[in-house]
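no letters, just coordinates:
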């Protein structure tokens, strides 16, 4: 609970205690004759005292009660636990003052605006005013509410102000502020260049400035964010003496600047929209190095002049003023200025940052700043610029997007430039370097990719630098200019980001940055979507983090040492190199989440489903909790998805009991395997979410998704131990619910699920949390040969665990037991409800889109 909330509770503890003591003084002690009854209640006293330890004063007051305790007689700490287990906090807050103060921090702890997926009629659009009313409540505070009460009637203005509204600043309880994305017709009204967008940004800035306990800020609505909002987030640290706010996570999805005529809130006159970015085609003769695309020797950058703040197309300041964060997400970036400011924040957060998500806009992916470049005349960031508008190094950056982001903690250039070498700035000689070569250089052979040749290249940059502006020279990345005009060497930056989660979308990979500026020993989650040079990243990682076998002479049973801790992999470009990386570089039974898609290549996928099964799924069978396999193209048309339909062997393996931790599964099925899958579903009782993306060759016409879902419900009714809760079939999604007798009496449907029976089969409560149970990890030295040899014996299910399907029939006793229930119908029944895909709660539903 927030500190401010705790301070508000202390006053009510004293009120409650004094109230209890007052009643004690006026009451009568129990008569002596009733002392014989006391031992009956003594066994409960130790348990209650454990909850009240270190609260002796309150405990003495409670023990002296002449009557059984009532709800409000309980200490505030216990009442707080009662409040946290209540569904209707609003009604609870209206009960009395004590419960009001306990419920308010929970009511306003999260401010989430969720837009409907489909537009509603005009008459229903007034319901969207939750955004306006919610912000008004957070901004106005208690004084407005008090004045409203006073002015309701002439007889109330003399009344004493309500004690309940004295310190009713709701914003101080907010820990999460989130504006979700919605239909473009609605969200476009809040663009930063429109009156309503300016008003929204101002209200948010006022409200955020009061959220002293804010931990998470999410703006996923692509309307633009005013600089005032970032200034409000930066001001949160002023409320703490040490200057460290509670803000940990910032998530921003930027808007499309090309559609805006006035992108800055400080400009009163409209500005012509910028032209679309030119195509970033590598110059003729360009090669690809571990840093990026090279430039020809005779290529010269154009003269760059700083711009005025009034001429800037983007808001400033943004990320550069934020305090250190643990999680930073910036999506749909279409301006270089955002990257420059992010580099400042990343430098400030380098010891704290654990999650980094970066996505480039679809329209800006071909711009110069979005490409990875390599040349001795290029730089990562302009260390002399006070704001992005003063940058003189152009849009082509050394290392591309990743090079800019780490430009203030890691220098790509291997050698610094001394003052004696300044004479050679205008006459660069042949490239020479004695620095060690990049670990993955050998992977860049003379083969070609997309028409660009790959050549052997040394990561070490030449010692010569280039001055592109005579008034303010910008030498190599390790040189700063002092006030007297001389050049002073600064220490070379060689830091690393200690990231646990890295997610990239449409970001060309600079292998030098990926392998040198990120500590892969602590990275556990990796998502790479639609990124160039991904194939070479897997090769470089496989070479750099090759497992270390036991040394010669080691004791028997010494395990192989693995150097990577990856547990989550999601990519939309699947290759044989990736499968080999998963099989040979990661420890057996260490990968927990595997989302593989192949959306950006035409023709038959280069990887077959059997290769994925043998190289990745079987290798990590005991640890995998979530699996998604999808080979459909990006448009979702055609029959490319047929290549990754699960075979009978794979379905038999998944439902044999060998994967005890599998919670979520998404893949295409063959209709001939549907009924065997239903029969064997009992052997994966822990499966909670199932998504059947496509169904191949049904015997009759295409079955209705609801009919298939009802068949699953029938199986769950017969097998109460199955925990399946969410079912997605093609474009439909369903939720399996329990119906209690009280719901049935209120008119809820009790029709037999599946249309075959009206059983009262009861199941345990379905839990959708991803609790990690026994991972069943085998020894690291276990080989694939051992896996194949022991598949029929290790983790075998109660039924035959062979690859062939076997019929599963329940005996008469088990069938009778599954239908047993209270004759009055007290047992819970199951029903099916069609819902939207629950992307926020089910990982496979969200990952199926293939985007951040």
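That came through, no problem. In this text, all values refer to a predicted model and were calculated from it rather than measured experimentally. Numbering: from 1, shown residues only.

from here on, just use CA atoms for contacts and neighbour counts.
OK.

report the secondary structure element holding residue 711.
Per DSSP states H and E, residue 711 falls inside helix 705-718.

helix or strand right after that helix?
Counting by DSSP H and E, the next helix or strand C-terminal to helix 705-718 is strand 726-729.

helices and strands around the helix or strand that that following strand is followed by, which ones?
Reading on from strand 726-729 to the C-terminus, the next helix or strand found by DSSP H and E is strand 732-739. Strand 732-739 sits against helix 705-718, strand 726-729, strand 829-835, with contacts defined as 3 or more CA pairs under 8 Å, 6 or more residues apart in numbering; DSSP states H and E.

what's the neighbour count on residue 219?
Neighbour count for residue 219, taken as other CA atoms under 10 Å: 20.

what's around the nearest residue to residue 221 once chain neighbours are set aside, how many residues?
Counting by CA to CA, 6 or more residues apart in numbering, residue 221 lies nearest to residue 181, which is 4.3 Å off, once chain neighbours are set aside. Using other CA under 10 Å, residue 181 has 19 neighbouring residues.

which residue ranges of the stretch 151-300 of the chain form strands?
Listed in chain order, the strands of the stretch 151-300 of the chain (DSSP state E, counting those that start in this stretch) span 176-179, 216-219, 249-253, 287-288, 293-294.

out of those strands, nearest to residue 710?
strand 176-179 (35.7 Å; CA to CA).

so what strands line up beside that closest one?
Strand 176-179 pairs in its sheet with strand 110-113 (parallel), strand 216-219 (parallel), by DSSP bridges.

can I get those in TSV including distance to residue 377?
Output for those, formatted as TSV (distance: least, CA to CA, whole Å):
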stretch	distance to residue 377
strand 110-113	47
strand 216-219	37
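
which of those strands sits most buried?
Mean neighbour count (mean count of other CA atoms under 10 Å) peaks for strand 216-219 among the strands paired with strand 176-179, with a mean of 19.

buried residues in stretch 194-208?
Neighbour-count burial for stretch 194-208, counted by 16 or more other CA atoms under 10 Å, picks out 194, 197-198, 200-208.

stretch 296-307 too?
By 16+ other CA under 10 Å, stretch 296-307 has no buried positions at all.

same thing with stretch 331-344?
For stretch 331-344, a neighbour-count test (16+ other CA under 10 Å) marks 331-344 as buried.

contacts for it?
Stretch 331-344 is contacted from outside by 252-257, 314, 317-320, 357-364, 369, 381, 388-389, 395, 401, 404-408, 852, using CA atoms under 8 Å, 6 or more residues apart in numbering.

tell me which of the residues you listed fall in helices.
For the contacts of stretch 331-344, the ones inside helices are 401, 404-405, with DSSP state H as the criterion.

which one among those residues gets closest to residue 571?
Closest to residue 571, out of all of the ones in helices among the contacts of stretch 331-344 and judged by CA to CA, is residue 401, at 19.0 Å.

show me what contacts that closest one?
By CA under 8 Å, 6+ apart, the neighbours of residue 401 are 339, 369-372, 507-508.

closest one of those residues to residue 703?
Among the contacts of residue 401, residue 507 lies closest to residue 703 (CA to CA), at 40.7 Å.

quick check: phi and psi at that closest one.
Backbone geometry at residue 507, expressed as degrees, to the nearest 10, gives phi -110, psi 110.

per-residue pLDDT of the closest residue to it other than its chain neighbours, please?
Closest residue to residue 507 apart from its sequence neighbours, by CA to CA, 6+ apart: residue 531 at 5.2 Å. With respect to pLDDT, residue 531 scores 91.

now swap in residue 86 and tell me
pLDDT, residue 86: 75.

what's the answer for residue 103, then?
At residue 103, pLDDT is 88.

any low-confidence regions in the stretch 551-700 of the chain?
Applying pLDDT under 70 to the stretch 551-700 of the chain picks out residues 636, 699-700.

in it, which spans are strands?
Using DSSP E, counting those that start in this stretch, the strands of the stretch 551-700 of the chain run over 568-571, 593-597, 626-630, 664-670, 689-696.

reformat these as a markdown table; add distance to residue 831 and mean neighbour count.
Output for the strands of the stretch 551-700 of the chain, formatted as a markdown table (distance: least, CA to CA, whole Å; neighbours: other CA atoms under 10 Å):
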| stretch | distance to residue 831 | mean neighbour count |
| --- | --- | --- |
| strand 568-571 | 33 | 21 |
| strand 593-597 | 30 | 24 |
| strand 626-630 | 25 | 23 |
| strand 664-670 | 21 | 22 |
| strand 689-696 | 16 | 21 |
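
circling back: from the contacts of residue 401, which land in strands?
Using DSSP state E, no member of the contacts of residue 401 sits in strands.

would residue 106 count as being in a helix?
Yes. The assignment for residue 106 (DSSP: H, G, I helix; E, B strand; the rest coil) places it in a helix.
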